[in-house]
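*Asks:* Need a 3D model of the sequence below.
(2 chains)
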Amino acid sequence: MSEQQQIKQELATLAPGLPVPSPAMPFSVPGGYFEQLPAAVMDRIRLEEDELPEILRTLKEKNRSVAGWPFEVPTGYFDQAQDTIATRQHKTPVISFHKRPFLKYAVAAAVLLMLFGVGRWYQQTKTPDIETDPESWVRKEIEKESTDKIESYVEATLIESSELSSDDKKEIALLTNDISQEEILYLLNETALLSTTSNESGGQQKILN
Amino acid sequence: MADYADIELLHRFRVPATRDAAFTDLIKKYQERLYWHIRRMVLSHEDANDLLQNVFIRVWNALDKFREESQLYTWLYRIATNECLSFLEQQKKKATLALSDDESGVERQLKADAHFDAQKLEWKLQLAIQQLPEKQRLVFSLRYFDEMPYEEMSKVLDTTEGALKASYHHAAKKIERFLLDD
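*Replies:* The predicted structure is shown next:
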């Protein structure tokens, strides 16, 4: 199918409302325009070239007639260029990855660093055994808790431990029957126990009671 | 494959003694096709004439370096298209705001033609074509009026064949709608 027929068929499918073949151009052209155009163009070309100084015109002509002028190329250069390039490609040394010593050492160092890093991370994250190393286990467990939680636990424990049962109190009273209050207070001061409980309201009195 | 006549033209052009004659023959061979291609884009004869002469001056200066990898006429069309697009770009920059928004500049220019007749199909078609964006107008014009194969058009416009087909399809539909709605 010729191009013309293809275009007709294409238009018939796409836009059947369009006229085929295309209508003549409605624009007018001044009479004799195309007859005088070649001469007009050549006149313009000559005018532009005449404006050039003689020397430049000569050089332009020379440039047209001798390819690459004024540069010179060795004789037979383009004939043997392809072969030269092919030979250079084969001669270019290819150094295998495995034979490059610097790369080998760099890779070894990277692997060692990685192993060290992984080991360190494992050591830090591993939980110690409570039976073989209870101190580390406790330390590890405490690290998991927040400081606020630990402080409130300690305070609660102290408060609980400072509150005695009625039986304990009777026992203490019997034991301290012959010890004066001043002596008890002196003892508490010496062992710094008083200061931990004096924060509570009526802490001293609580102890003596 | 290059036209034999074009090959012969090129050989004659490369010989100083026959250069002028060869170029004159080249102008005679392609002037009308290139003129109408440019005129459809710029509308005015004066502008088309200036641009066409510029195209041939460029061809004169560059023909020595033409590599014959494409058809000569493809290469000429490409130069002409680039001249048109540069010219239209300059026109856009120079354009002042229209007093009335009812008509575009191109419509006014068409209607200003002494032979303009809104009832005639060829004028309606030109009005419709002028509604299209520049690139689409080029594609439609090259395919519809110049019957250029998509393969050649892609070298002229430096666009893929697929994109050109899509562009042509849209353009044809738009123009048909414009003509039928009128």
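*Asks:* ok, residue 14 - contacts?
*Replies:* In the absence of a named chain, this looks at chain A. Taking Cβ atoms under 8 Å, 6 or more residues apart in numbering or on different chains as the criterion, residue A:14 is in contact with B:168, B:169, B:172, B:173, B:176. Using the backbone N, CA and C atoms, a C-beta is placed for each residue, glycine as well.
*Asks:* Please refer instead to chain B.
*Replies:* Contacts of residue B:14 (Cβ under 8 Å, 6+ apart): residue B:64.
*Asks:* List phi and psi for it.
*Replies:* Phi and psi for residue B:14, reported as degrees, to the nearest 10, are phi -80, psi -10.
*Asks:* Could you turn the buried ones of the contacts of residue A:14 into a ChimeraX selection?
*Replies:* Buried residues within those, by 16 or more other Cβ atoms under 10 Å in any protein chain shown, are selected in ChimeraX with:
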select /B:168,169,172,176
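*Asks:* Redo the contacts of residue A:14 as CSV? Include pLDDT.
*Replies:* Listed next are the contacts of residue A:14 as CSV, based on pLDDT from 0 to 100:
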residue, pLDDT
B:168, 95
B:169, 94
B:172, 93
B:173, 93
B:176, 90
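*Asks:* Sort out which of the contacts of residue A:14 are in helices and list them.
*Replies:* B:168, B:169, B:172, B:173, B:176 (DSSP state H).
*Asks:* Take those residues and lay them out in CSV including distance to chain A.
*Replies:* Formatted as CSV, the ones in helices among the contacts of residue A:14 follow (distance: Cβ to the nearest Cβ, whole Å):
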residue, distance to chain A
B:168, 8
B:169, 6
B:172, 4
B:173, 6
B:176, 4
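*Asks:* Going by distance to residue A:177, which of these wins?
*Replies:* Nearest to residue A:177 among those, counting by Cβ to Cβ, is residue B:169 at 114.5 Å.
*Asks:* quick one: contacts for the closest one?
*Replies:* residue A:14 are the contacts of residue B:169 under Cβ under 8 Å, 6+ apart.
*Asks:* cool, and residue B:66?
*Replies:* By Cβ under 8 Å, 6+ apart, residue B:66 lies in contact with B:10, B:72, B:75.
*Asks:* Show residues contacting stretch B:109-127.
*Replies:* A:18-19, A:22-28, B:40, B:43-44, B:103, B:107, B:130, B:175, B:178-179, B:182.
*Asks:* Narrow those residues to those that are buried.
*Replies:* By neighbour count, with 16+ other Cβ under 10 Å, those hold A:18, A:22, A:23, A:26, A:27, B:40, B:43, B:130, B:175, B:178, B:179 as buried.
*Asks:* Narrow the residues you listed to those in helices?
*Replies:* B:40, B:130, B:175, B:178, B:179.
*Asks:* Correct me if wrong: the last one contacts residue B:128.
*Replies:* Yes: taking contacts as Cβ atoms under 8 Å, residue B:179 lies within contact range of residue B:128: 5.8 Å.
*Asks:* any low-confidence regions in chain B?
*Replies:* B:1-3, B:96-106, B:182 (pLDDT under 70).
*Asks:* all helices of it, in order?
*Replies:* Using DSSP H, helices in chain B cover B:4-13, B:19-42, B:45-62, B:72-94, B:105-111, B:121-130, B:134-144, B:150-157, B:161-181.
*Asks:* Domains in chain A, by residue range?
*Replies:* A:40-73, A:164-209 (automatic domain parsing).
*Asks:* For these, which has the smallest mean pLDDT value?
*Replies:* Within the domains of chain A, the stretch with the lowest mean pLDDT is domain A:164-209, showing a mean of 65.
*Asks:* In chain B, which residue is most central in space?
*Replies:* residue B:37 (2.9 Å; Cα atoms, centre = their mean).
*Asks:* wait, what's in contact with it?
*Replies:* Neighbours of residue B:37 in contact, by Cβ under 8 Å, 6+ apart: B:77, B:80, B:81, B:84, B:141, B:142, B:145, B:146.
*Asks:* List, out of those, those positioned next to chain A.
*Replies:* residue B:145 (Cβ under 8 Å from any Cβ of the partner chain).
*Asks:* okay, now the domains of chain B?
*Replies:* B:1-95, B:98-182.
*Asks:* how about TSV for those domains, with distance to residue A:6 added?
*Replies:* Output for these, formatted as TSV (distance: least, Cβ to Cβ, whole Å):
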stretch	distance to residue A:6
domain B:1-95	18
domain B:98-182	8
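*Asks:* Tally up the residues packed near residue B:129, please.
*Replies:* Neighbour count of residue B:129, defined by other Cβ atoms under 10 Å in any protein chain shown: 22.
*Asks:* and it, what does it touch?
*Replies:* B:40, B:137, B:140, B:141, B:175.
*Asks:* Name the nearest residue to the third one, ignoring sequence neighbours.
*Replies:* Leaving aside its sequence neighbours, residue B:140 sits nearest to residue B:171 (Cβ to Cβ, 6 or more residues apart in numbering or on different chains; 4.0 Å).
*Asks:* Number of residues surrounding that neighbour?
*Replies:* By the criterion of other Cβ under 10 Å, residue B:171 has 26 neighbours.
*Asks:* That one contacts residue B:132, doesn't it?
*Replies:* Yes: the pair formed by residue B:171 and residue B:132 meets the contact definition of Cβ under 8 Å, at 5.5 Å.
*Asks:* Touching both of the two, which residues are there?
*Replies:* Common neighbours of residue B:171 and residue B:132 (Cβ under 8 Å, 6+ apart) are residue B:140.
*Asks:* mind listing what residue 142 touches?
*Replies:* Picking chain A for this. So residue A:142 contacts residue A:150 (Cβ under 8 Å, 6+ apart).
*Asks:* Sorry, I should have been clearer: chain B.
*Replies:* Contacts of residue B:142 (Cβ under 8 Å, 6+ apart): B:37, B:77, B:148, B:153, B:156, B:157.
*Asks:* quick one: contacts for the second one?
*Replies:* The one in question is residue B:77. Residue B:77 touches B:34, B:37, B:142, B:148, B:156, counting by Cβ under 8 Å, 6+ apart.
*Asks:* if we go to 6 Å?
*Replies:* By Cβ atoms under 6 Å, 6 or more residues apart in numbering or on different chains, the residues touching residue B:77 are residue B:156.
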